[in-house]
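# One predicted model, sequence on top.
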Number of protein chains: 2
Amino acid sequence: MSVRYTDHIRRLPSTVPFVGPETTERQRGRTFRARIGANESVFGPSPKVIAAMTDALADIWKYADPESFDLKNALAENLGVTPANIMIGEGIDGLLGTAIRLIVEPGVKVVTSLGAYPTFNFHVNASGGELIQVPFRNDHEDLDGLLDAAHRNDASILYVSNPDNPMGTCWPGSEIERLIDSLPSGTTLFLDEAYVEFAPEGTAPRMNTDNPNVIRFRTFSKAHGMAGARIGYAIGHDEVITSFNKVRNHFGINCTGQIGAAAAIRDQEWVAHVRACVEQGRERLYAIAAGNGLQAIPSATNFVTIDCGRDGVYARAVLEALGDRDVFVRMPFAEPGNRCIRVGVGTDDDLDIFEEEFPGALKAALAAAGD
Amino acid sequence: MSVRYTDHIRRLPSTVPFVGPETTERQRGRTFRARIGANESVFGPSPKVIAAMTDALADIWKYADPESFDLKNALAENLGVTPANIMIGEGIDGLLGTAIRLIVEPGVKVVTSLGAYPTFNFHVNASGGELIQVPFRNDHEDLDGLLDAAHRNDASILYVSNPDNPMGTCWPGSEIERLIDSLPSGTTLFLDEAYVEFAPEGTAPRMNTDNPNVIRFRTFSKAHGMAGARIGYAIGHDEVITSFNKVRNHFGINCTGQIGAAAAIRDQEWVAHVRACVEQGRERLYAIAAGNGLQAIPSATNFVTIDCGRDGVYARAVLEALGDRDVFVRMPFAEPGNRCIRVGVGTDDDLDIFEEEFPGALKAALAAAGD
């Protein structure tokens, strides 16, 4: 006897989008001193969020409202859309999975950037889609190249993150609007705006929920400091948003996260505070890079990607040498980004540790390279 | 322009498995006085769980461990299996959705009981499967009928809940073992044990993770009093469990829920306490039914299904009359169970309110029926 998997599932590898830092810690048998590799916000959520979540624990025996009424209303007010334009999910990851299931089946073509968010690719593969990957250009997602690939391949989805991960760069909203206006008629843009709160004014394109071919994805995991709460949201045309109900896990949202998120969106002062902390931290990371004779790529996110000045093998050696020194960072997976390491804005202590250990790590990597 | 949905998705209705009590409250413009319709545990989680979750809030800025290492270890120890036999998900709902995606595609046949858990049916429909539904027999899931339907239809999945929802009855574990031994070779049993902690000793079949054709589903939403935390687990053959990684949302678990669940499984005294409270509450509900000249179906869960003695139209009138009196209960969706209402074991206050309002609700329903 054996389980009768579908043919598609049988062919899929049992994979993970990426390995969590806890797994690495268990393999090493030692915890990290600085956890600045997972694009989390070390500044945490607003104290008002913690208070709301603490209060919410008294009702943890109840299922959360599957319609997320209060949270959708708080978001709608903040965004200037209606609650019917919003879907809540288990982080952007969960929403990407749901939205992809609506559109992708074996044979469907999907365009993304080579080395962009691996979890998006994971979900496309899980639904049997065919990925077309366009390399970054000058450390930016190549909007013209992506558009061209979408046209040539008659893609059903085009994935763009703005600001992007892992390079941390962004396009002005006007460029994204130009992209939207030029989309092939059968292509839906998945616009991942996980980091948009950290970006310069004008990075987000105008809200336009009349267009069914744009679904935007945002999260409480970054600027709101609630990665562990697993609350993200999609913004789009109300009919498209309603279609999520066809496949989503209706009772999948945890109540503490949902209640905390509503408190978070109502505390924009905290977001402004975090943004200021992140700007300071980015400046410090730029300075650390320069102090080691390296170039940092100007960032519109809460991480800084540092060009290690050689190839991917060397950058991996730097990453591993930092790991040996108990500093957790990550690096881009694909060329040409994989000449870099990606360092999160940490606390002052985190950045002290990074500053202290980075020169030694670079030296160790050089030695490993035989220089 | 419009979104290029798959043909299957285009044909699916935008539906919900069932409407949450908050939605009904918003429609009524009035909250319920007794919330005893959602099969939640009014006794809540252990104080140790609340303490662990409160502490966990300090780290809410971190993503939760996607491998759920600590929770899997706590469960493995409790169950006498290995961590590799366990998958954590966003409630049983989330795990059912994932497991169904591994096996079901358009054309695949799935057997369940008529009127059993609607969310299971929802996920089968979302994956395009064909449901074959076998009526309950003597208020029990009809194991022989289900087995027969699985053989006749060459079903890929057979869903059985034990104890079952919505009737609250159960089979001894030995009967489930007999069912397992008689499964068609291509059929995987999905054994939903959400309520097993409330059932008599011997209701759970032996743990046997050598059999790839049995996946068991359990939850922290019922006896552990953590419905809002959204933590469930699947138990099965390690290769089957690993296959969940092909499609699951790897970073979908919230950290407070995960940490609370590990504390919950380590506090079996609390489970024993809740079990005792539930036994008392069931006795009281039996007595309330008898006091109104009605028969309650003996329950192995934390709810009691009361036979209203007439047809589904009448039971619905009783349900609505209870709603008018601000008492939230539910009822089975399908014949012959829909002659009943399903009442959760509430607090003493909840049951006081139910006891007070039930006679009036019955009278109102009789009047509506023209008697």
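Good, I have the coordinates. Residues are numbered from 1 along each chain as shown, chains lettered A, B, ... in the order given.
# Quick one: name the residues of the stretch 51-200 of chain A near chain B.
A:53-54, A:56-67, A:69, A:90-91, A:93-94, A:97, A:101-105, A:108, A:119, A:122, A:126, A:156, A:183, A:185-188 (Cβ under 8 Å from any Cβ of the partner chain). In this view, the C-beta of every residue, glycine as well, is placed from N, C-alpha and C.
# Now list the buried members of those residues.
Among these, the ones that count as buried by 16 or more other Cβ atoms under 10 Å in any protein chain shown are A:53, A:56-57, A:59-67, A:69, A:90-91, A:93-94, A:97, A:101-105, A:108, A:119, A:122, A:126, A:156, A:183, A:186-188.
# All the strands of the stretch 201-350 of chain A, residue numbers only.
Assigned by DSSP state E, counting those that start in this stretch, the stretch 201-350 of chain A shows strands spanning A:214-219, A:232-235, A:295-297, A:303-307, A:327-328, A:340-344.
# List the buried residues for stretch A:146-155?
Neighbour counts using 16+ other Cβ under 10 Å place A:L146, A:L147, A:A149, A:A150, A:N153, A:A155 of stretch A:146-155 among the buried residues.
# so which of those comes closest to chain B?
The shortest approach to chain B among the buried residues of stretch A:146-155 belongs to A:A155, at 9.5 Å (Cβ to the nearest Cβ).
# Need the three-state assignment for that closest one.
Secondary structure, DSSP: H, G, I helix; E, B strand; the rest coil: A:A155 is coil.
# And it, how close does it get to B:N213?
Here the criterion is Cβ to Cβ, to the nearest Å. By it, A:A155 lies 39 Å from B:N213.
# A:A38: neighbouring residues, count only.
By other Cβ atoms under 10 Å in any protein chain shown, 19 other residues sit near A:A38.
# again with A:R316
Neighbour number of A:R316 under other Cβ under 10 Å is 16.
# Check A:A263 too.
If you count neighbours by other Cβ under 10 Å, A:A263 ends up with 25.
# ok, and the closest non-adjacent residue to it?
Distances taken as Cβ to Cβ, 6 or more residues apart in numbering or on different chains place A:A52 nearest to A:A263, at 3.8 Å, with adjacent residues excluded.
# my guess is the one you found meets A:I259, correct?
Yes - assessed by Cβ atoms under 8 Å, A:A52 is found in contact with A:I259 at 5.4 Å.
# pretty sure A:K109 contacts A:V124?
No - in this structure A:K109 lies outside contact range of A:V124 using Cβ under 8 Å: 9.7 Å.
# which of the two has more neighbours?
A:V124 (23 against 20).
# thinking again about what came up before, so the residue nearest to A:A263 is in which element?
In the assignment (DSSP states H and E), A:A52 maps to helix A:47-56.
# Show me chain A divided up by domain.
The record's domain parsing of chain A by automatic domain parsing lists A:7-44+A:269-368, A:47-267.
# does chain B sit close to the shortest one?
Yes - on the criterion Cβ under 8 Å from any Cβ, domain A:7-44+A:269-368 is in touch with chain B at A:8-9, A:12-17, A:20, A:22-23, A:26, A:35, A:38, A:40-44.
# Okay, A:L285 and A:A52: tell me how far apart.
Separation of A:L285 from A:A52 (Cβ to Cβ): 32 Å.
# neighbour-wise, which of those two wins?
For A:L285 versus A:A52, neighbours defined as other Cβ under 10 Å are more numerous around A:L285 (25 against 20).
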